[in-house]
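Enquirer: Need a 3D model of the sequence below.
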Amino acid sequence: MTTNNPHRGPTLDDFLAEEGIRDEVTSAAAKRVIAWQLLEAMREGKISRTDMAARMATSRRQLSRVLNPDDGNVTLDTLQRAAKAVGRGIRLELV
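Expert: Next up, the predicted model:
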């Protein structure tokens with residue numbers, strides 16, 4: 001990105017790419033957002049963790065992994081079941 005402003009440097013994306021961690025950071029951020037959105041939907045719907053796990057046909061331990069923003073090892077299928085359990089969907093796109 002070229003700019004005439006001498007006080008403006010590279011973007012955060014540029015920095016992360018230079019450090020070789022852009023994909024990792026982007027994935028972690030997406031997981032945090034999804035976990036937060038699920039927790040908010042549960043709160044709004046007054047859905048307990050026990051009820052949520054039952055709606056997903058899974059254990060509370062698995063649900064804890066889904067809701068943990070630092071646990072990135074969750075499958076798309078699991079995220080879709082979680083979204084459906086709170087009356088939502090998952091939108092995925094290539095950019």
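Enquirer: use CA for all of it now, contacts and neighbours both
Expert: Fine.
Enquirer: following the helix or strand hosting Asp13, which helix or strand shows up next?
Expert: Per DSSP states H and E: Asp13 is located in helix 12-19. The helix or strand immediately downstream of helix 12-19 is helix 22-44, counting by DSSP H and E.
Enquirer: related to what we said a few turns ago, okay, angle between the helix holding Asp13 and helix 22-44 too, please.
Expert: Orientation of helix 12-19 against helix 22-44 (axes from the mean of the first three to the mean of the last three Cα atoms, to 10 degrees) gives an angle of 130 degrees.
Enquirer: Centroid-nearest residue for the protein?
Expert: Nearest to the mean C-alpha position of the chain, counting by Cα atoms, centre = their mean, stands Lys31 at 2.3 Å.
Enquirer: Please verify my assumption that it contacts Arg65.
Expert: No - between Lys31 and Arg65 there is no contact under Cα atoms under 8 Å: 10.9 Å.
Enquirer: which residues are common contacts for these two?
Expert: Jointly contacting Lys31 and Arg65 under the rule Cα atoms under 8 Å, 6 or more residues apart in numbering are Asp71.
Enquirer: who touches the lowest-mean-pLDDT helix or strand in the chain?
Expert: Ranked by mean pLDDT, DSSP states H and E, the helix or strand of the chain with the weakest confidence is helix 12-19, at a mean of 85. For helix 12-19, contacts defined as Cα under 8 Å, 6+ apart pick out Arg22, Val25.
Enquirer: Thanks again, I'm all set now.
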